[in-house]
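Novice: can you look at this prediction? I've put the sequence above it.
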Amino acid sequence: MVLQTYQLWYKILFMKRNLHIFIVLLNLIIFIPLFSCAVNPVSGEREFMLVSEEQEVAIGKEAAPSLKWEFGGPYEDRALEAYLDKIVRDLWKNSERPHLPVKFYIQNTSLPNAFALPGYVAITRGLLSEMENEAQFAAVMGHEIGHVMARHTAKRISRMQMQQLGVAIGAAALEGKKGGDTLLAIGSMGSSLLLLKYDRDQEIQSDRLGVKYMSSLGYDPHEAISAHKVLEESVDNYVKRLGKSRSEDSFISGLLSTHPRAEVRLSEIQEMIDKLPAYSLKKDGKFARTFHSETRKLNEINKIYHIYDKAEQDYREKKYEEAEKGLQEAIKLNSSQAPFHNLHGFIKLQQKKYDEADKAFGKALSISQSYQPSIYGRGLVYLYRENYDKAVVEFKKSLAEFPGHAQTHFGLGKSYYHMNQYKEAISYLANFAQAVPEHPEIHGMLGICLEKTNDTAQAVMAYKNQLLVAPDTELGQHAKARLAALEPAPVTK
Ligand SMILES: [Zn+2]
């Protein structure tokens, strides 16, 4: 199936879920010289590099809000965050580019992961709860910081820019088929593409940097080895709890393909430790007791999230009653977690119990004022009640928090569509069409808006896309009829 894309602009930005990072990248493309080189701050060698340090920081800043929500939003525990933030800052100060900005986040998801961009260093609740001591935490964060300092992300962006330049130049010639597939391949990655798929050499380099940063702070570098084992185990536990296999979950298999198997790396890390200049340990170099007391509350709450995770899985499988039962149990154990009430709201939304849904979203927002999923949920309540003005207000708030949230773009576009504000609807619907091109309604709706604003050529394209995705729906039938009217069959002699 080959969908037509709407404008060259969108051809370049054919993105899933996260649109605005690519807008930043595109801006960069316009201003970069074709070939440039820079000295790597870690290796001291010259390398191909299109991104300046200022741009690196700008990309980190642009990516931060969407990244935050793609990984569950913030886990709110000020004291814990302050304790860990201090460790991260100490590691950062020990790095090659201590002048770069940095802020530490705990991401509220059970998915075990950690990542860093300039200005953004994060670990998920799931991984943090499995860490055994401060030194292991420092090892994981040191490794991620290593990726930033050695400019691995910047290198990937440079490569992507070259690909996109190629795409932009070739787009006119490629026309549809081949071009569409290529673009889809680029676009099927989210903003996580800024984080994933470091190559093997880069992983080893980051291991080495992580070990260096942590040992110079007095942590026992051997804990880098146990941190690797913990990461592996936590992935196993996560997958097992959800009753999946490693290869079944595409995100997990992606995560694992980018984190080479432990056995291979452990001996390499041991070698790095053996070659380290003499280091002295601060106390026992582990700080297990401090770490345990600081993370005790998180570990307790994390166990309740296991119940929530199961409920969320039931919800995704449309087992709403089971999901609600699990959720009630989780809320009974801890009623102060916004995600619990939020999921409750979405269950009620599915059951068309809008009053209860609204109440549940309100509860989540009373706990966490800017909890984006519930702001979006409120927008949906208004949309389903056909209160479009209010829906627009909520959806705009949702986008302010999470600019790359495709579903909110759809909600906004749909609201404007129902208000007959076709011009306003178009850009939001087009954004969603690029992010979720297989959606059964989007192209037909977009076609109507384009036709209403006299953009016949684009409308024809949208109707054709609708016929490719869902020809038999009401919108599909409409698209067929409009195509016949707009593009009469050529007269044969
Ligand atoms: Zn890595």
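Specialist: Sure thing, it's come through.

Novice: where in the stretch 351-493 of the chain is pLDDT low?
Specialist: For the stretch 351-493 of the chain, the stretches flagged by pLDDT under 70 are 489-493.

Novice: likewise for the chain?
Specialist: Applying pLDDT under 70 to the chain picks out residues 1-2, 4-36, 160-197, 246-264, 489-493.

Novice: quick check: Gln458 vs His478, distance?
Specialist: Gln458 sits 16 Å away from His478, taking Cβ to Cβ, to the nearest Å as the criterion. Yep, even glycine has a C-beta here, placed from its N, CA and C like the rest.

Novice: where's Tyr388 relative to Gly404, distance?
Specialist: 23 Å.

Novice: which one of the two is surrounded by more residues?
Specialist: Neighbours were counted for Tyr388 and for Gly404 using other Cβ atoms under 10 Å; Gly404 has more, 27 against 19.

Novice: what about Ala138, distance to Leu450?
Specialist: From Ala138 to Leu450 the distance is 54 Å (Cβ to Cβ).

Novice: higher neighbour count, the two?
Specialist: Ala138 (32 against 24).

Novice: specify the local secondary structure of the residue in the stretch 351-493 of the chain positioned nearest to the ion.
Specialist: For the stretch 351-493 of the chain and the ion, the shortest gap (Cβ to the ion) falls at Gly404, measuring 23.0 Å. At Gly404, secondary structure determined by DSSP: H, G, I helix; E, B strand; the rest coil is coil.

Novice: what's it sitting at in phi/psi?
Specialist: Backbone torsions for Gly404, taken as degrees, to the nearest 10, come to phi -90, psi 10.

Novice: ok, it touching Ala64?
Specialist: No - using Cβ atoms under 8 Å, Gly404 is not in contact with Ala64, being 11.1 Å away.

Novice: wait, Pro112 touches Ala227, no?
Specialist: No - Pro112 is beyond contact range of Ala227, at 11.6 Å (criterion: Cβ under 8 Å).

Novice: neighbour count: those two, which is higher?
Specialist: Ala227 (29 against 26).

Novice: show me what contacts that one?
Specialist: By Cβ atoms under 8 Å, 6 or more residues apart in numbering, Ala227 lies in contact with Met131, Ala135, Gln136, Phe137, Ala139, Val140.

Novice: closest to Asp236 out of those?
Specialist: Of all the contacts of Ala227, Met131 has the smallest distance to Asp236: 15.4 Å, by Cβ to Cβ.

Novice: check which helix or strand the residue nearest to Ser129 when sequence neighbours are not counted maps to.
Specialist: Of all residues not flanking Ser129 in the chain, Asn302 sits nearest, at 4.1 Å (Cβ to Cβ, 6 or more residues apart in numbering). Remark: Asn302 resides in helix 288-316, with elements defined by DSSP states H and E.

Novice: any idea where the strands of the protein begin and end?
Specialist: Counting by DSSP state E, the chain has strands at residues 37-39, 46-48, 104-107, 114-117, 120-124.

Novice: including distance to Gly377 and mean neighbour count, could those strands go into CSV?
Specialist: Converted to CSV, the strands of the chain look like this (distance: least, Cβ to Cβ, whole Å; neighbours: other Cβ atoms under 10 Å):
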stretch, distance to Gly377, mean neighbour count
strand 37-39, 45, 12
strand 46-48, 45, 12
strand 104-107, 20, 22
strand 114-117, 27, 24
strand 120-124, 22, 24
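
Novice: next, the contact list for the closest residue to Leu365 other than its chain neighbours, please.
Specialist: Nearest residue to Leu365, sequence neighbours excluded (Cβ to Cβ, 6+ apart): Ser374, at 5.1 Å. The neighbours of Ser374, taking Cβ under 8 Å, 6+ apart as the test, are Ala338, His341, Asn342, Gly345, Phe361, Ala364, Leu365.

Novice: mind putting the residues you listed into TSV with distance to Glu45 and neighbour count?
Specialist: Output for the contacts of Ser374, formatted as TSV (distance: Cβ to Cβ, whole Å; neighbours: other Cβ atoms under 10 Å):
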residue	distance to Glu45	neighbour count
Ala338	47	23
His341	52	25
Asn342	48	25
Gly345	53	28
Phe361	53	29
Ala364	50	24
Leu365	50	21
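
Novice: so which of the residues you listed belong to helices?
Specialist: Among the contacts of Ser374, the ones falling in helices (DSSP state H) are Ala338, His341, Asn342, Gly345, Phe361, Ala364, Leu365.

Novice: show me what contacts the closest residue to Pro98 other than its chain neighbours?
Specialist: Closest residue to Pro98 apart from its sequence neighbours, by Cβ to Cβ, 6+ apart: Trp92 at 6.1 Å. By Cβ under 8 Å, 6+ apart, the contact set of Trp92 is Pro98, Leu100, Val102, Val121, Ile145.

Novice: gap between Trp92 and Arg78?
Specialist: Taking Cβ to Cβ, one finds Trp92 at 20 Å from Arg78.

Novice: what segments of the stretch 351-493 of the chain are helices?
Specialist: 354-367, 372-384, 388-401, 406-418, 422-435, 442-452, 456-469, 474-486 (DSSP state H, counting those that start in this stretch).

Novice: for those helices, could you give me TSV that also reports distance to Thr290?
Specialist: Conversion of the helices of the stretch 351-493 of the chain to TSV gives the following (distance: least, Cβ to Cβ, whole Å):
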stretch	distance to Thr290
helix 354-367	28
helix 372-384	33
helix 388-401	34
helix 406-418	41
helix 422-435	44
helix 442-452	52
helix 456-469	55
helix 474-486	59
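
Novice: residues from the stretch 101-250 of the chain in reach of the ion?
Specialist: Taking Cβ under 5 Å from the ion as the criterion, the neighbours of the ion within the stretch 101-250 of the chain are Glu203, Ser206.

Novice: need the ones in helices among the contacts of Ser374 in CSV (columns: distance to the ion).
Specialist: Shown next, in CSV, are the ones in helices among the contacts of Ser374 (distance: Cβ to the ion, whole Å):
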residue, distance to the ion
Ala338, 30
His341, 35
Asn342, 31
Gly345, 36
Phe361, 37
Ala364, 33
Leu365, 35
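
Novice: which one of those is nearest to Phe291?
Specialist: Checking the ones in helices among the contacts of Ser374 one by one against Phe291 (Cβ to Cβ), the nearest turns out to be Ala338, at 25.9 Å.

Novice: in the stretch 51-200 of the chain, what residue lies closest to the ion?
Specialist: For the stretch 51-200 of the chain, Cβ to the ion, closest residue to the ion: Tyr198, 5.1 Å.

Novice: contacting residues for that residue?
Specialist: Residues in contact with Tyr198 (Cβ under 8 Å, 6+ apart) are His147, His152, Arg156, Ser206, Thr258.

Novice: mind checking which of those residues are in helices?
Specialist: Filtering the contacts of Tyr198 for helices - DSSP H - leaves His147, His152, Arg156, Ser206, Thr258.

Novice: widest-spaced pair of those residues?
Specialist: Going by Cβ to Cβ, the pair spanning the ones in helices among the contacts of Tyr198 furthest: Arg156 and Ser206, at 13.3 Å.

Novice: higher neighbour count, the two?
Specialist: Ser206 (23 against 20).

Novice: surely that one meets Thr153?
Specialist: No - Ser206 is beyond contact range of Thr153, at 11.2 Å (criterion: Cβ under 8 Å).

Novice: mutual contacts of these two, please.
Specialist: Residues touching both Ser206 and Thr153 (Cβ under 8 Å, 6+ apart): His147.

Novice: residues touching the nearest residue to Tyr463 once chain neighbours are set aside, list them.
Specialist: With sequence-adjacent residues excluded and distances taken as Cβ to Cβ, 6+ apart, Tyr463 is closest to Ala479, at 3.9 Å. Counting by Cβ under 8 Å, 6+ apart, Ala479 makes contact with His443, Gly444, Gly447, Ala462, Tyr463, Lys464, Gln466, Leu467, Pro471.
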